[in-house]
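Asker: 3D, please:
(one chain, ligands or ions: 2)
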Amino acid sequence: MRRRLVVVTGTGTSIGKTHFAEALILGWRRTARVVGLKPIESGVVAGADSDGERLRAVSSFHVKRFGYALTAPMSPHLAARQENIEIRMDAIARRVEEIRQEAGGVVVELPGGLFTPITDSACNVDLARILTPDSVLLVAPDRLGVLHDVIATVRAASAASVSIAGIVLMAPEQGDPSTGHNADELSRTTDVSVLAVLPRGSPAQLSQLPAMTQLIEALAKQAD
Ligand SMILES: Nc1ncnc2c1ncn2[C@@H]1O[C@H](COP(=O)(O)OP(=O)(O)OP(=O)(O)O)[C@@H](O)[C@H]1O
Ligand SMILES: [Mg+2]
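Answerer: Ligands and ions are numbered 1, 2, ... in the order given. This next block holds a predicted model:
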């Protein structure tokens with residue numbers, strides 16, 4: 001049976017995608033065997049926890065490592081070029097599809113933002129489309145500039161035939177006058193719902209919040 005696949009993407013880098021994905025997996029795994037994957041990652045160095053390892057550590061279903069763990073701390077397409085590696089989206093999609101048959105739920109984090117290039121001719125959004133997920137979640141920081149970044153990303157995703165199921169706002173380390181108000185403004189200015197506004201806290205703490213439980217229920221409904 002083909003199980004639920006949630007793609008976690010965002011408006012940019014270092015905005016809390018992995019942090020959110022960890023919380024999502026911790027919450028979801030109460031009712032399913034869930035695996036978190038980061039099939040393309042750059043800036044992977046020995047001794048430091050990669051996103052792939054962070055997601056693996058909270059998963060309740062485990063698979064053999066696969067994908068592209070690139071060393072250079074740059075855009076995946078550049079890191080791959082530097083390492084003479086060809087990123088094959090079809091290979092990733094095939095493996096994710098196999099895992100989807102086995103696990104109870106799959107969470108895939110894409111690297112950088114939704115329009116970050118992963119090859120010379122494709123961006124994350126193209127991979128998101130061929131993965132045929134049940135839901136694509138857009139993580140964004142609850143700070144000044146987010147309205148532009150979310151509106152632009154949602155519209156561009158739609159033009160690329162990828163529909164965003166929901167937005168997750170993450171509290172930034174330092175708030176600004178817009179923090180706490182962006183969810184309301186996004187509900188006026190986009191058609192996509194803000195599914196959760198998450199405070200600072202560990203993934204385990206965030207996974208316990210009613211907002212996260214509701215989000216997981218909303219994802220289950222969207223998949224039905
Ligand atoms: N709500 C939060 N509470 C506490 N810390 C957070 C929160 N959101 C993010 N962080 C921390 O901020 C840092 C950046 O977040 P994270 O690694 O999840 O970003 P990312 O979008 O996955 O980055 P990348 O583009 O490198 O994959 C991490 O140290 C993370 O633990
Ligand atoms: Mg990450």
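Asker: these two touch, right, V106 and A21?
Answerer: No - using CB atoms under 8 Å, V106 is not in contact with A21, being 11.1 Å away. (C-beta placed from N, C-alpha, C; glycine too.)
Asker: got the buried residues for stretch 197-215?
Answerer: Going by neighbour count (16 or more other CB atoms under 10 Å), the buried part of stretch 197-215 is V197, L198, P203, L206, S207, L209, A211, M212, L215.
Asker: ok, stretch 169-183 next?
Answerer: For stretch 169-183, the neighbour count (16+ other CB under 10 Å) marks L169, M170, A171, P172, T179, N182, A183 as buried.
Asker: out of these, who's near ligand 1?
Answerer: Subset of the buried residues of stretch 169-183 in contact with ligand 1: M170, A171, counting by CB under 6 Å from any ligand atom.
Asker: the buried residues of stretch 169-183: which two are farthest apart?
Answerer: Largest separation among the buried residues of stretch 169-183 by CB to CB: P172 and A183, giving 13.7 Å.
Asker: now for those two: what residues contact both?
Answerer: By CB atoms under 8 Å, 6 or more residues apart in numbering, P172 and A183 have these common neighbours: D142.
Asker: count residues in the vicinity of S161, would you?
Answerer: 10 (other CB atoms under 10 Å).
Asker: that one contacts T132, doesn't it?
Answerer: No - using CB under 8 Å, S161 makes no contact with T132, being 11.2 Å away.
Asker: distance check, G180 against S50.
Answerer: Using CB to CB, to the nearest Å, we find G180 at a distance of 32 Å from S50.
Asker: oops, could you answer that again for A91 instead?
Answerer: 19 Å.
Asker: ok, those two, which is more surrounded?
Answerer: S50 (17 against 14).
Asker: what residues are up against the closest residue to that one other than its chain neighbours?
Answerer: Excluding its sequence neighbours, the residue lying closest to S50 (CB to CB, 6 or more residues apart in numbering) is V44, at 4.7 Å. By CB under 8 Å, 6+ apart, V44 lies in contact with S50, G52, A69, L70, T71.
Asker: go again using 10 Å as the cut-off
Answerer: By CB atoms under 10 Å, 6 or more residues apart in numbering, V44 lies in contact with K38, S50, D51, G52, E53, Y68, A69, L70, T71, A72, P73, A79.
Asker: pLDDT score for it?
Answerer: V44 is assigned 97 on the pLDDT scale.
Asker: helix, strand, or coil at it?
Answerer: With DSSP: H, G, I helix; E, B strand; the rest coil as the basis, V44 sits in coil.
Asker: separation between it and ligand 1?
Answerer: Noted for V44: a distance of 11 Å to ligand 1, by CB to the nearest ligand atom, to the nearest Å.
Asker: possible to save the buried residues of stretch 169-183 as CSV with distance to G16, pLDDT and secondary structure?
Answerer: Converted to CSV, those look like this (distance: CB to CB, whole Å; pLDDT from 0 to 100; DSSP: H, G, I helix; E, B strand; the rest coil):
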residue, distance to G16, pLDDT, secondary structure
L169, 9, 98, strand
M170, 4, 98, strand
A171, 8, 98, coil
P172, 8, 97, coil
T179, 13, 98, coil
N182, 14, 98, helix
A183, 15, 98, helix
